[in-house]
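Novice: Quick one: sequence plus predicted model below, questions after.
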Amino acid sequence: MRACVLILAALLSGCSMFGKDDDDETKNWTVERLYAEAKGALDAGYYSKAVEYYEFLETRFPFGVYGQQSLMDLAYAYYKSEDFDSAVSACDRFIRLYPQNASVDYLYYLRGLINFNRGKGLSERFLPLDLSQRDTGSALQSFRDFEELASKFPDSRYAADAQKRMVYLRNILAQNEVNVAHYYMRRGAYVAAANRARYVVENYNRTPAVPDALVIMAKAYKVLEMNDLSADALRVLETNYPNHPGIEEVREVEVH
């Protein structure tokens with residue numbers, strides 16, 4: 001009886017396997033056909049189907065003449081499918097395997113774009129929300145990706161856009177530090193607030209967040225009765241931002 005059960009299970013498993021093969025429309029496709037179908041799906045915006053075809057191609061024909069272009073296209077298809085982890089992994093794999101490829105700068109740029117958009121919902125993509133209020137881990141990684149591109153490939157066609165995105169990301173990172181410093185001020189953690197604000201002044205100069213950071217420094221140091229440091233911060237604020245409302249705020253701080 002047990003032998004019959006095992007034979008039946010084997011037959012059912014075999015039927016399942018044959019059915020799976022029969023359902024695979026690509027099983028007899030040549031590498032040229034598979035690449036053409038994958039590229040067609042990608043160009044048409046059918047990104048999930050493109051990913052499926054490119055994964056088949058990478059598995060069946062990993063070393064052919066289509067290998068490098070397919071891996072590049074697969075990274076982009078993952079990105080458009082919002083499978084960001086797989087997209088970054090594909091970029092890293094291409095950079096590692098083909099560092100001399102003429103288009104490797106594009107993979108550095110694409111990796112930056114992936115992290116630039118990672119974690120953003122539809123509302124964040126189309127509405128002017130304050131991204132500095134959110135976790136900035138992906139923003140920092142994106143900045144580093146674009147920075148690496150600009151450093152290694154200063155003449156790349158993508159370098160100018162990367163530089164613009166770096167400015168935008170740097171502003172977000174600076175504002176996030178100021179937001180944290182404000183939080184510490186509200187909690188009465190004045191040393192932590194001053195340190196965060198000083199970090200902005202020292203590391204994110206020429207960003208819009210600097211004057212607010214100087215205000216926090218001046219206030220925090222004044223409360224801590226570190227009067228020389230408070231006066232220094234206030235002097236820099238008055239010299240560079242003479243009309244900033246925070247100047248009066250600092251003067252009105254009462255030390256108990």
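Specialist: Okay, I see it. Just so we're clear, the structure is a prediction, and the values are computed from it rather than from any experiment.
Novice: who's in contact with the helix or strand hosting L149?
Specialist: L149 belongs to helix 137-152 when elements are defined using DSSP states H and E. With CB atoms under 8 Å, 6 or more residues apart in numbering as the test, helix 137-152 has contacts from 105, 108-109, 111-113, 115-116, 118-119, 131, 156, 158-159, 162-163, 165-166, 169-170, 172-173, 176. For the C-beta atoms, the positions are set from N, CA and C on the backbone; glycine is no exception.
Novice: Check the offset of the host helix or strand of Q163 from the chain's centre.
Specialist: Element membership for Q163, per DSSP H and E: helix 159-187. Computed by CA atoms, centre = their mean, to the nearest Å, the chain-centroid distance of helix 159-187 equals 14 Å.
Novice: If you average pLDDT per helix and strand, which one of the chain comes out bottom?
Specialist: helix 122-126 (a mean of 42; mean pLDDT, DSSP states H and E).
Novice: quick revisit: buried stuff in the helix holding L149?
Specialist: Under the neighbour-count criterion of 16 or more other CB atoms under 10 Å, helix 137-152 has 138-143, 145-150 buried.
Novice: And those, which is closest to I247?
Specialist: Nearest to I247 among the buried residues of helix 137-152, counting by CB to CB, is A139 at 30.2 Å.
Novice: and the gap between the closest one and S86?
Specialist: Shown here: A139 relative to S86, a distance of 20 Å by CB to CB, to the nearest Å.
Novice: low pLDDT regions in the stretch 151-256 of the chain?
Specialist: Low-confidence segments of the stretch 151-256 of the chain (pLDDT under 70): 256.
Novice: I'd say G246 and V215 touch.
Specialist: Yes - counting by CB atoms under 8 Å, G246 touches V215, with 3.3 Å between them.
Novice: Give me the more crowded residue out of those two.
Specialist: Per other CB atoms under 10 Å, whichever of G246 and V215 has more neighbours is V215, with 25 against 18.
Novice: Hmm, L237 and the more buried one touching each other?
Specialist: Yes - here V215 reaches L237: they are 6.5 Å apart, a contact under CB under 8 Å.
Novice: where do the contact lists of the two overlap?
Specialist: 244, 246-247, 250.
Novice: residues near S156, how many?
Specialist: If you count neighbours by other CB under 10 Å, S156 ends up with 18.
Novice: three-state assignment of it?
Specialist: Following DSSP: H, G, I helix; E, B strand; the rest coil, S156 is assigned to coil.
Novice: Now for the residue lying closest to it once chain neighbours are set aside: which residues touch it?
Specialist: Of all residues not flanking S156 in the chain, D105 sits nearest, at 4.2 Å (CB to CB, 6 or more residues apart in numbering). By CB under 8 Å, 6+ apart, the residues touching D105 are 149, 152-153, 156-158.
Novice: same deal with I216?
Specialist: For I216, the contact set (CB under 8 Å, 6+ apart) comprises 178, 181-182, 185, 193-194, 196-197.
Novice: Give me the spatial nearest neighbour of it, chain neighbours excluded.
Specialist: Per CB to CB, 6+ apart, closest to I216 is A197, 4.0 Å.
Novice: Dump the helix or strand where the one you found lies to PDB, keeping only the CA atoms.
Specialist: Assigned by DSSP H and E, A197 belongs to helix 190-203. Extracted in PDB, the C-alpha atoms of helix 190-203 (Å, rounded to 0.1, in the frame of the first residue of the first chain):
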ATOM      1  CA  TYR A 190      20.800  71.900  25.700                       C
ATOM      2  CA  VAL A 191      24.200  70.300  25.300                       C
ATOM      3  CA  ALA A 192      22.800  67.900  22.700                       C
ATOM      4  CA  ALA A 193      21.000  70.700  20.900                       C
ATOM      5  CA  ALA A 194      24.100  72.800  20.800                       C
ATOM      6  CA  ASN A 195      26.200  69.900  19.400                       C
ATOM      7  CA  ARG A 196      23.700  69.100  16.700                       C
ATOM      8  CA  ALA A 197      23.500  72.800  15.700                       C
ATOM      9  CA  ARG A 198      27.300  73.100  15.700                       C
ATOM     10  CA  TYR A 199      27.500  70.100  13.400                       C
ATOM     11  CA  VAL A 200      25.300  71.800  10.900                       C
ATOM     12  CA  VAL A 201      27.400  75.000  10.900                       C
ATOM     13  CA  GLU A 202      30.700  73.000  10.600                       C
ATOM     14  CA  ASN A 203      29.600  70.400   8.000                       C
END
